[in-house]
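S.K.: pasted the sequence and its predicted model underneath.
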Amino acid sequence: MENEKIDIAIVGGGVSGVYSAWKLKTQYPNKKIVVFEGSDHIGGRLLSVTPPGIPNMVAELGGMRILENTQTLIVKLINDLNEKLAPDNQIELYKFPVDKDQNIAYLRGEHLRLIDFTTKPDKVPYHLSFLEKGNSSGTIIVNAIEQLVPGITKKGLTNEERLKMCREAKFEGAPLYTLGFWNLLYRVISGEAYQFSLDSGGYNSTMVNWNAADAIPWYLADFGITPKYKGFKNGFQQVPISLANFFEEDGGEIRLNAKLEGFEFKNDLFELTIDGDIIEASQLILAMPRRSLELLAPNAPKLQEIQSLIGSVTPRPLFKVFTTYSSPWWRNAGYTNKEGKYVPLQSGRTVTDLPIRQTYYWPLNDGKPAKGGESMLLASYDDGSNIGFWDGLRPQRKKAWKYGLSHAELADPFVGEDTNLETVDNEVLNQNWHQYKAPRKMVEELSRQLKQIHDLDYTPVVKNASFRDWGEDPYGGGWNSWNIGVKSWEVKEKIVHPIDNCSLYICGEAYSDGQGWVEGALQTADMMLEQFTAIENKTSVLDDAILAK
């Protein structure tokens with residue numbers, strides 16, 4: 001039997017994969033383009049599910065927001081898609097709440113409010129210096145960054161200008177890209193200020209020792225320059241699903257549960273082994289993060305040639321657990337402000353140095369807080385080394401993919417009182433809450449810590465729970481960060497077309513300036529498409545010249 005032949009094979013159904021497929025099908029309508037996705041859903045690390053019994057909320061088990069004021073690529077893409085989408089299927093955004101004055105900071109056993117960092121500095125249980133005391137963690141780190149790279153926090157600078165400054169900057173004669181972010185911070189702030197910033201910032205992986213030339217502009221874009229976060233009424237996953245739908249409407253093809261096991265490059269063709277079948281492709285695009293490329297490399301000689309490029313970033317583990325309740329009980333853990341008015345907890349996040357780390361009081365799909373009835377928490381948003389606490393309460397990360405599953409099956413899942421309640425069919429999403437059951441022991445531990453953080457005498461009754469661990473194979477992490485010593489600006493240009501005279505292309509968030517964001521996935525996809533088109537046009541000119549002779 002003759003092998004199937006296609007023109008362009010795209011492996012990976014995340015944003016960069018389906019975006020590239022849509023763009024290429026528009027540009028080359030007569031080419032046979034197929035997207036192969038090893039899991040059962042489109043979207044990659046965008047995964048939106050509707051909780052049972054709460055049709056006006058969407059849980060974001062993956063990416064959950066954009067930075068509207070700095071991320072121009074995703075904003076433009078949303079506008080472009082909305083021009084094509086029907087009026088009742090528009091991608092709608094809402095103002096995504098994060099830090100509110102009344103929200104809790106439970107640190108070193110002390111119950112604080114976020115406003116206390118600046119208004120009651122003596123309550124903050126860290127031995128901060130005179131200059132550090134009375135500041136939020138974000139202010140401390142931004143001030144430290146200004147000392148490291150003078151002028152970089154100046155208003156009006158673009159992210160590209162900040163990136164350029166960091167690539168050219170030195171600290172004590174050493175280029176920033178050769179230094180670690182953590183190492184540099186320790187030179188300009190106290191150890192206590194670093195620990196306070198780490199604990200109250202909510203994330204473990206953002207301030208670890210990754211490439212300082214990339215970490216500094218990344219931190220400023222996300223936390224330091226008045227970010228304007230926006231969430232998605234119908235879930236962030238609507239973006240890649242819309243892209244996939246338009247690609248298929250134009251004649252493209254998407255195959256789910258189609259796992260690429262390996263490939264070889266012979267006679268200017270790629271021989272792909274997918275679920276035991278051989279498929280021949282003229283051009284191959286791998287829209288995949290580092291860990292996925294590493295899993296593929298033993299059966300892909302061409303990837304073995306570029307191991308140094310692939311290994312230039314480090315995956316950062318991350319997981320999320322959502323829990324639902326019969327009412328928003330957290331409103332009772334508010335506080336009385338200086339005017340004597342009771343202010344309830346209702347939106348944004350609470351932070352703690354307990355392993356739970358961040359808890360978001362999840363909004364309705366219009367961004368407004370839940371004031372009564374069925375409600376939901378992003379009970380834990382946990383990343384980096386801190387997730388080691390949960391290792392005994394979740395499945396092994398490498399087991400599911402090895403045995404052909406898209407995510408781990410649980411031996412002891414949490415069974416809530418509404419487990420049999422059907423989730424709402426959402427026309428723009430293709431996943432179900434109950435596909436992502438949470439481990440029972442994890443939910444019990446989360447409930448114990450929630451009780452402690454909110455200083456309550458009872459543990460709230462969890463009705464349902466949903467969990468996704470992005471440290472699982474084939475993702476390896478929720479995001480990737482550049483390694484110390486890597487000239488990221490050179491790697492990101494090279495990796496999109498890493499081997500001369502071989503039509504292999506790579507794109508995705510991992511090798512971008514916007515790591516951890518869809519913006520990064522779109523950036524590398526655009527870079528890859530530019531290279532692809534230039535080479536394709538050059539080849540076409542050569543073919544025409546040969547025919548003319």
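M.R.: Structure received.
S.K.: point out where the stretch 1-150 of the chain drops to low pLDDT.
M.R.: Filtered on pLDDT under 70, the stretch 1-150 of the chain yields the residue ranges 1.
S.K.: ugh, wrong one, the chain
M.R.: 1, 224-225, 418-429, 539-549.
S.K.: again, only using 50
M.R.: Scanning the chain for pLDDT under 50 picks out 547.
S.K.: report the longest strand in it, please.
M.R.: Of all the segments of type strand in the chain, defined by DSSP state E, the longest one is strand 277-287.
S.K.: need the next SSE after it, C-terminal direction.
M.R.: Using DSSP states H and E, the helix or strand that follows strand 277-287 in sequence is helix 290-296.
S.K.: from the contact counts, what lies against that next one?
M.R.: Packing partners of helix 290-296 (3 or more Cβ pairs under 8 Å, 6 or more residues apart in numbering; DSSP states H and E): strand 260-266, strand 277-287, helix 307-310, strand 313-316. Just so you know, the C-beta spots here come from the backbone N, C-alpha and C atoms, and that holds for glycine as well.
S.K.: what residues does it touch?
M.R.: 12, 260, 262-263, 286, 288, 303, 310-311, 313-315, 401, 473-477, 480, 506, 510 (Cβ atoms under 8 Å, 6 or more residues apart in numbering).
S.K.: what's the answer for stretch 466-475, then?
M.R.: Against stretch 466-475 from outside (Cβ under 8 Å, 6+ apart): 38, 44-45, 47, 49, 51, 59, 61-62, 288-289, 291-292, 295, 315, 317-322, 387, 394-395, 397-398, 400-402, 407-408, 433-434, 436-439, 442, 477-478.
S.K.: about what we covered before: name the residues that touch the longest strand of the chain?
M.R.: Defining contact as Cβ under 8 Å, 6+ apart, one finds that strand 277-287 is touched by 3-14, 16-17, 20, 263, 268-272, 292-293, 296, 503-508, 525, 528, 532.
S.K.: so which bits of it are buried?
M.R.: Ile279, Glu280, Ala281, Gln283, Leu284, Ile285, Leu286, Ala287 (16 or more other Cβ atoms under 10 Å).
S.K.: any idea how far Pro301 is from the first one?
M.R.: According to Cβ to Cβ, to the nearest Å, Ile279 and Pro301 sit 17 Å apart.
S.K.: can you check the fifth one too?
M.R.: When distances are taken as Cβ to Cβ, Leu284 and Pro301 turn out to be 13 Å apart.
S.K.: I'd say Leu272 and Phe263 touch.
M.R.: Yes. Counting by Cβ atoms under 8 Å, Leu272 does reach Phe263; the two are 4.7 Å apart.
S.K.: Arg394 and Phe319 touch, don't they?
M.R.: Yes. Using Cβ under 8 Å, Arg394 makes contact with Phe319 at a distance of 7.4 Å.
S.K.: who are the contact partners of the nearest residue to Leu179 once chain neighbours are set aside?
M.R.: The shortest distance from Leu179 to any residue other than its chain neighbours is 4.6 Å, reached at Ala212 (Cβ to Cβ, 6 or more residues apart in numbering). Each residue near Ala212 by Cβ under 8 Å, 6+ apart is listed here: Leu148, Cys166, Phe171, Leu176, Tyr177, Leu179, Gly180, Phe181, Asn183, Leu184, Ile484.
S.K.: so which of those residues are in strands?
M.R.: Going by DSSP E, the strands hold Phe171 from those.
S.K.: any of the contacts of Ala212 buried? List them.
M.R.: Members of these classed as buried by 16+ other Cβ under 10 Å are Leu148, Cys166, Phe171, Leu176, Tyr177, Leu179, Gly180, Phe181, Leu184, Ile484.
S.K.: and Glu110, what does it touch?
M.R.: Glu110 touches Lys123, Pro125, counting by Cβ under 8 Å, 6+ apart.
S.K.: ok, it to Ala379 distance?
M.R.: Separation of Glu110 from Ala379 (Cβ to Cβ): 21 Å.
S.K.: same question for Tyr126.
M.R.: 26 Å.
S.K.: who has more neighbours, those two?
M.R.: Set Tyr126 next to Ala379 and count neighbours by other Cβ atoms under 10 Å: Ala379 wins out with 29 against 20.
S.K.: residues touching the more buried one, list them.
M.R.: Val321, Phe322, Thr323, Ile356, Thr359, Leu446, Leu450, Ala465.
S.K.: how about stretch 327-344, which residues are buried there?
M.R.: Result for stretch 327-344 [16+ other Cβ under 10 Å]: buried residues Pro328, Trp329, Trp330, Arg331, Ala333, Gly334, Tyr335, Val343, Pro344.
S.K.: ditto for stretch 5-14
M.R.: Buried residues in stretch 5-14 (16+ other Cβ under 10 Å): Ile6, Ile8, Ala9, Ile10, Val11, Gly12, Gly13, Gly14.
S.K.: again, but for stretch 248-255
M.R.: Glu248, Gly252, Ile254.
S.K.: name the residues that touch stretch 156-172?
M.R.: Contact partners of stretch 156-172, identified using Cβ under 8 Å, 6+ apart, comprise 70, 148-149, 151-152, 175-177, 179, 184, 187, 212-214, 216-217, 220-221, 487, 489, 513.
S.K.: between the two ends of that stretch, how far is it?
M.R.: 27 Å (Cα to Cα, to the nearest Å).
S.K.: buried ones in that stretch?
M.R.: For stretch 156-172, the neighbour count (16+ other Cβ under 10 Å) marks Leu157, Asn159, Arg162, Leu163, Met165, Cys166, Arg167, Ala169, Phe171 as buried.
S.K.: restricted to helices, list the buried residues of stretch 248-255.
M.R.: Glu248 (DSSP state H).
S.K.: okay if I get the buried residues of stretch 248-255 as TSV plus distance to Gly367?
M.R.: What follows is the buried residues of stretch 248-255, written out as TSV (distance: Cβ to Cβ, whole Å):
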residue	distance to Gly367
Glu248	31
Gly252	34
Ile254	31
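S.K.: just to revisit the earlier point, now render the contacts of Ala212 as JSON lines, adding distance to Lys371.
M.R.: Listed next are those as JSON lines, based on distance: Cβ to Cβ, whole Å:
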{"residue": "Leu148", "distance to Lys371": "44"}
{"residue": "Cys166", "distance to Lys371": "44"}
{"residue": "Phe171", "distance to Lys371": "49"}
{"residue": "Leu176", "distance to Lys371": "47"}
{"residue": "Tyr177", "distance to Lys371": "49"}
{"residue": "Leu179", "distance to Lys371": "48"}
{"residue": "Gly180", "distance to Lys371": "45"}
{"residue": "Phe181", "distance to Lys371": "40"}
{"residue": "Asn183", "distance to Lys371": "46"}
{"residue": "Leu184", "distance to Lys371": "44"}
{"residue": "Ile484", "distance to Lys371": "47"}
